[in-house]
Every structure is written in structure tokens, then in C-alpha cells.
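Undergrad: Coordinates for the following, if possible.
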Amino acid sequence: MTTKDRAPALGADGWFTTGDDPHLIGSRCDACGTYAFPKRSGWCPSPACRGTELIDTPLSRRGRIWSYTDAQYQPPAPFVCPPDAFEPFAIAAVELEAEGLVVLGQLVPGVGVNDVKVGDEVELAIGVLFADDTREHLVWQWRPTGGTR
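TA: Okay, the predicted model is just below:
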């Protein structure tokens with residue numbers, strides 16, 4: 001089976017969209033405007049608010065690197081990786097442009113810790129976390145845009 005024949009699967013179902021204009025899906029409290037990711041229901045994440053109406057909302061596609069590191073060793077479960085196929089990758093904590101929320105995610109393949117710095121602008125990308133015999137498992141990633149603070 002070729003990669004083209006595999007059906008995509010989201011690495012975290014309902015946490016992001018795919019396509020030409022992908023977005024992370026979060027929640028916004030109807031009472032105070034506080035954002036949360038991943039999306040939630042039931043109560044506002046702000047301790048100062050008693051709101052219970054949270055609205056699913058697409059989050060900013062751009063943000064700035066707040067912090068970053070690399071993963072040189074294969075993470076434990078539930079991280080999924082075929083045996084002997086782990087490749088080190090970089091991780092960035094990104095402060096979203098409009099919401100001010102910090103979201104953790106991998107940087108796109110080929111971008112490492114030597115390629116970024118705190119304050120660099122990144123945009124959301126969708127990439128393949130891993131592939132098995134039947135599908136590609138997709139995940140959100142961050143791609144540098146070349147902008148800095």
C-alpha cells in the first residue's frame with residue numbers, strides 16, 4: 001500500500017482541522033472570553049469566572065515561540081512510533097497571536113532548535129506523526145514564517 005492509498009487519521013481527534021486553512025479547535029467562555037485548548041465543556045477554565053457556556057472556536061493559526069526544546073529520546077507511551085524508527089524532533093511552546101494561549105507542538109520536520117529562537121513567528125501546519133499499514137496519523141506542527149519579534 002502506498003502513502004497515497006492510506007486514509008488519514010487525526011492524532012488527536014477533534015483537536016484540529018485539516019485542509020488548506022487548518023486550525024486548532026479550542027473553546028471560548030461565553031461569559032468572560034477566556035480561551036482553552038484543547039476544547040472543553042462544563043465550566044470556564046478561569047478561576048475568576050463561573051461561566052458554564054463554552055463555545056467551540058477555531059484558534060489563531062499564527063503565534064510566537066515562547067519556549068522550545070528537542071526530544072532526543074523516544075517518549076514513552078502513549079507516543080506511537082514503529083520500532084527502531086524514532087527520529088529526534090524539536091518541540092515549541094507557541095503563544096497564539098490573538099488568544100495569548102500557549103500551545104505545545106512539534107516543529108515541522110527539518111526544523112531543529114538551532115533554527116529557531118524565542119520570539120520567532122510560526123504558523124500552524126499539519127503533518128504526519130506516523131503511518132501504519134492502513135493510514136497516516138496526522139498531528140499539528142509549527143512552521144517558522146521568518147518573522148521575529
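Undergrad: shaky segments in the protein?
TA: 1-12, 82-83, 149 (pLDDT under 70).
Undergrad: Which parts of it are strands?
TA: 7-10, 25-29, 35-36, 54-58, 62-71, 89-96, 102-107, 121-131, 135-144 (DSSP state E).
Undergrad: As a markdown table, the ones you listed with distance to Ala77 and mean neighbour count would be great.
TA: From N, CA and C alone the C-beta is placed, and that goes for glycine too. Shown next, in a markdown table, are these (distance: least, CB to CB, whole Å; neighbours: other CB atoms under 10 Å):
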| stretch | distance to Ala77 | mean neighbour count |
| --- | --- | --- |
| strand 7-10 | 18 | 12 |
| strand 25-29 | 25 | 21 |
| strand 35-36 | 25 | 20 |
| strand 54-58 | 29 | 15 |
| strand 62-71 | 15 | 16 |
| strand 89-96 | 17 | 20 |
| strand 102-107 | 17 | 18 |
| strand 121-131 | 13 | 18 |
| strand 135-144 | 14 | 19 |
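Undergrad: and Asp70, how far is that from Ala90?
TA: 5 Å (CB to CB, to the nearest Å).
Undergrad: what touches both of the two?
TA: Common neighbours of Asp70 and Ala90 (criterion: CB atoms under 8 Å, 6 or more residues apart in numbering): Gly112, Val113.
Undergrad: follow-up on the earlier one: the strands of the chain: which one's closest to Pro47?
TA: Nearest to Pro47 among those is strand 25-29; the distance by CB to CB comes to 11.9 Å.
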